[in-house]
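In: mind folding the following:
(one chain, ligands or ions: 1)
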Amino acid sequence: MRKNLGRREKVLDLLYQAEGNYLSGEELSNKLGVSRTTIWKYIKYLREAGYHIDSSSKIGYRLITPADNLLPEEIKRNLNTDVIGQKIIYYKEIESTNDAAKKLAQSGLKEGTIVVSEEQKKGKGRLGREFCSPLGGIWISCILRPDIKPTLATRATYIASLAIVKTINKLSDVDANIKWPNDILVGDKKVSGILTEMGAELDRVDYLVVGMGINLNFTLDSFDKSLHNKVTTIYHETGKKISRVKFVQVLLEEIEAIYQKLNDFEDILEEWKEYSYTIGKKVQVESSKEKVSGTAIDIASDGALIVKVGNEIRKFYSGEVSLGHSNFSSGN
Ligand code: BTN
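Out: Next up, the predicted model:
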């Protein structure tokens, strides 16, 4: 039996290992060192979570259909990470995983903790916008505690966007790209967004909460009609559903691999640029102070967008970017 699993996780693991065959209540209770009544409670919990588990008083339990929900025991079964996702807090629904993760980070939860919810009732986008987060998507927040200065916190957004785009491209037939600073696009439509929030002192980060929303297995019906020419979902693009559990596992593994290179940010940036939808394009950048038009020519080593505005070279550290006819300034 694999290590680091809680008892409920072990029940599920054993049912999977039995590959559709029955496991007796006695066998399960011996293997886990708990009573058969406790085993029954675990089975009840799993059924309520959507698993189809057959039971027979004589021969025991067998797993018929797994539920593609994001229960910690499901994600952790085949997760190859050391830190990211080693603790997972799960909700069926919540207002915002970022808000929950911030509270947990403030209460001291360790780096790599994940908060995940099947749906969000008040998903938060950047600049105080709402983020539509129905069933079928991935709504997840990750607590990081990098030993860096607050000015370098945007690195986390680069890490997350690179991890998301790689995961999407690995698991689906679409060709996703990154629109600076933190939108993932398929074609010119947004399929994912990132909201990084921070708790910090003047010269050091206490925690980062990296919130990631991915429009995976649902249709455009969930969005307001006014957004239909700006957003898309992987399901809408491909007509295929992807295992959400697999998606989260690959995403967490990508995050961990890229996060390990945090101090070699130039390397991260080089790879990030391979997926950039922004570089080389005519852009309008709107910051809190101004709105300028120019051509995006590169990303600086500090993460700023470099824009040629007339004959001037300008750097932008934040802001809204519009490309061609696209304008993503209204939420998802
Ligand atoms: C944006 O595109 O404006 C950022 C969207 C970020 C959405 C994610 S979903 C998980 C996490 N929880 C939230 O409330 N927001 C982020």
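
In: residue 234 versus the residue in the chain positioned nearest to the ligand, what's the distance?
Out: In the chain, the residue that lies nearest the ligand is residue 193 (2.0 Å; C-beta to the nearest ligand atom). The way it works is simple: take the backbone N, C-alpha and C, and place the C-beta from them, glycine included. Distance of residue 193 to residue 234, given as C-beta to C-beta, to the nearest Å: 14 Å.

In: again with residue 116
Out: The value you get for residue 116 to residue 234, if C-beta to C-beta is used, is 18 Å.

In: and for residue 142?
Out: For residue 142, the distance to residue 234 - C-beta to C-beta - is 20 Å.

In: up against the ligand, what does this structure have?
Out: 96-98, 120, 123-126, 129, 131, 133, 139-141, 183, 193-195, 211-213 (C-beta under 6 Å from any ligand atom).

In: among these, name the buried ones.
Out: 96-98, 120, 123-126, 131, 133, 139-141, 183, 193-195, 211-213 (16 or more other C-beta atoms under 10 Å).

In: looking at the residues you listed, which are in strands?
Out: 120, 139-141, 183, 193-195, 211-213 (DSSP state E).

In: now those residues as JSON lines including distance to residue 298?
Out: Formatted as JSON lines, these follow (distance: C-beta to C-beta, whole Å):
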{"residue": "120", "distance to residue 298": "35"}
{"residue": "139", "distance to residue 298": "32"}
{"residue": "140", "distance to residue 298": "30"}
{"residue": "141", "distance to residue 298": "30"}
{"residue": "183", "distance to residue 298": "18"}
{"residue": "193", "distance to residue 298": "23"}
{"residue": "194", "distance to residue 298": "21"}
{"residue": "195", "distance to residue 298": "25"}
{"residue": "211", "distance to residue 298": "27"}
{"residue": "212", "distance to residue 298": "25"}
{"residue": "213", "distance to residue 298": "27"}
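
In: residue ranges with poor pLDDT in the stretch 1-150 of the chain?
Out: Filtered on pLDDT under 70, the stretch 1-150 of the chain yields the residue ranges 1-5.

In: and if we set it to 80?
Out: Within the stretch 1-150 of the chain, the segments meeting pLDDT under 80 span 1-6, 66-67.

In: so where do the strands sit in it?
Out: 52-56, 60-65, 88-94, 114-120, 138-144 (DSSP state E, counting those that start in this stretch).
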